[in-house]
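Visitor: Below: sequence and its predicted model.
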Amino acid sequence: MAKDKKDDDIWNDETLKGLLKDIEKSFGKGSIHRYGDVEVSSKQEVISSGSILLNNAIGVNGYPKGRITEIYGPESSGKTTLALHAIAESQKTGGVAAFIDAEHALDPRYAKRIGVDINNLLVSQPDNGEQALDILEMLVKSNTIDIVVIDSVAALVPKSELEGEMGDQNIGLQARMMSKALRKLNGIVAKTNTTVIFINQIREKVGVVFGNPEVTSGGRALRFYSSLRIETRKGETIIKDGEATGNKIKIKVVKNKVAPPFRTAIITINYNEGIDNENEIIDLASTYEILDKAGVWYSYNGEKIGQGRENTRKWLQDNPDKKQEIYDKLYQILENNNK
């Protein structure tokens, strides 16, 4: 056991000073330092999800920078929409975004409708899993990209599997490929402060009698290295005038290294517009009395803004400055609640 020493005595110890000097000589300046010598922000940097309800469920008002996030769920449960909204939010603040389209299924028209600047989005459609992960590593290493989305893990098929025959020799190839890539990637993501979002599917294990048969693709590595894991489930269909216009999406934060886990949210995704954040703002602003509701009328700062929810929603769309003002008030309330 080390002897008790005062701080000054510890850091003036010649053996310790020599050790630190040798490490920096071998691995470069800054490879080791005293934590107290570095200015550390107590606030986690984030990219907004585009949904105030999802931001609140995550607990830090968005997807954490310098971390890996996994969004997973069954088909048609809003996974890609959530990822595209994150890209749009990053671009709004001047961020550079990349989309690795391993599924070759990106719809640029839909992405544009929900706010993605398609003309300035970097897109790659790799031939195999290794190529996709190599491109991802190069993008993150460059320290010029703010957010990278990979759609999806299930489509990251190893080259040898694509070129070979179906058989037992291919079992576990994807899991090994993902494990190798993520071991390298995790540290680089932290150093470059990049937000990396993997989209993943759920599949069912064969022959499971007890317990949950559902499992995500790609093995255990992504579950381990992800700081944030978000599960999405398709909820009720939204019907207007006899037509389906959207879906409720049930969200659960199943792993969270930046805030308490297991929070939930239910958000609405409209088929042509993406996340319905106007309705989210109406609900939360009414709850926190930023908006006043008397009968069917909604008011803001003593002024009537809409008769009924739809008219109030339209007012928010037509008055983006006021919408942002209300959003900022909600953001402050929720941030204080999460402290």
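Guide: Cool, got the structure.
Visitor: From now on I want contacts and neighbour counts done on CA atoms only, so please keep to that.
Guide: OK.
Visitor: And the average pLDDT for the stretch of helix or strand Lys248 belongs to is what?
Guide: Assessed by DSSP states H and E, Lys248 sits inside strand 243-256. Per-residue pLDDT values across strand 243-256 average out to 96.
Visitor: same question, stretch 305-319
Guide: The model assigns stretch 305-319 a mean pLDDT of 94.
Visitor: Run the chain-centre distance for it.
Guide: A distance of 29 Å separates the centroid of the chain from that of stretch 305-319, by CA atoms, centre = their mean, to the nearest Å.
Visitor: Grab the CA positions of it and hand them over as PDB.
Guide: Extracted in PDB, the C-alpha atoms of stretch 305-319 (Å, rounded to 0.1, in the frame of the first residue of the first chain):
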ATOM      1  CA  ILE A 305     -53.200  31.300 -31.000                       C
ATOM      2  CA  GLY A 306     -55.600  28.500 -32.100                       C
ATOM      3  CA  GLN A 307     -59.000  27.000 -31.800                       C
ATOM      4  CA  GLY A 308     -58.400  23.300 -31.300                       C
ATOM      5  CA  ARG A 309     -55.200  21.200 -31.600                       C
ATOM      6  CA  GLU A 310     -54.900  21.300 -35.400                       C
ATOM      7  CA  ASN A 311     -55.200  25.100 -35.600                       C
ATOM      8  CA  THR A 312     -52.700  25.500 -32.800                       C
ATOM      9  CA  ARG A 313     -50.300  23.100 -34.600                       C
ATOM     10  CA  LYS A 314     -50.600  25.100 -37.800                       C
ATOM     11  CA  TRP A 315     -49.900  28.300 -35.800                       C
ATOM     12  CA  LEU A 316     -46.700  26.800 -34.500                       C
ATOM     13  CA  GLN A 317     -45.700  25.800 -38.100                       C
ATOM     14  CA  ASP A 318     -46.500  29.300 -39.400                       C
ATOM     15  CA  ASN A 319     -44.600  31.000 -36.600                       C
END
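Visitor: Can you tell me what sits against it?
Guide: Applying CA atoms under 8 Å, 6 or more residues apart in numbering, the contact partners of stretch 305-319 are 278-279, 282, 296-299, 322-323.
Visitor: Quick check: can you name the pairing partners of the next helix or strand after the strand holding Lys248 and their directions?
Guide: Downstream of strand 243-256, the next assigned helix or strand under DSSP H and E is strand 264-270. Within its sheet, strand 264-270 is paired with strand 243-256 (antiparallel), strand 274-275 (antiparallel), according to DSSP bridges.
Visitor: Residues contacting the shortest one, please?
Guide: Spelled out, it's strand 274-275. With CA under 8 Å, 6+ apart as the criterion, strand 274-275 contacts 50-51, 81-82, 85, 113-114, 267-269.
Visitor: Can you pull out the low-pLDDT segments for the stretch 51-200 of the chain?
Guide: In the predicted model of the stretch 51-200 of the chain, residues 165-171 satisfy pLDDT under 70.
Visitor: give me that answer again for 90
Guide: Filtered on pLDDT under 90, the stretch 51-200 of the chain yields the residue ranges 160-172.
Visitor: in the strand holding Lys248, what's buried?
Guide: 246-253, 255-256 (16 or more other CA atoms under 10 Å).
Visitor: tell me the contacts of Lys141?
Guide: 188-189, 192.
Visitor: try 10 Å
Guide: If you count contacts by CA atoms under 10 Å, 6 or more residues apart in numbering, Lys141 has them with 135, 185, 188-189, 191-192, 194.
Visitor: Show the backbone phi and psi for the residue most central in space within the chain.
Guide: Nearest residue to the geometric centre of the chain (CA atoms, centre = their mean): Tyr63, 4.2 Å. With angles defined as degrees, to the nearest 10, Tyr63 sits at phi -80, psi 130.
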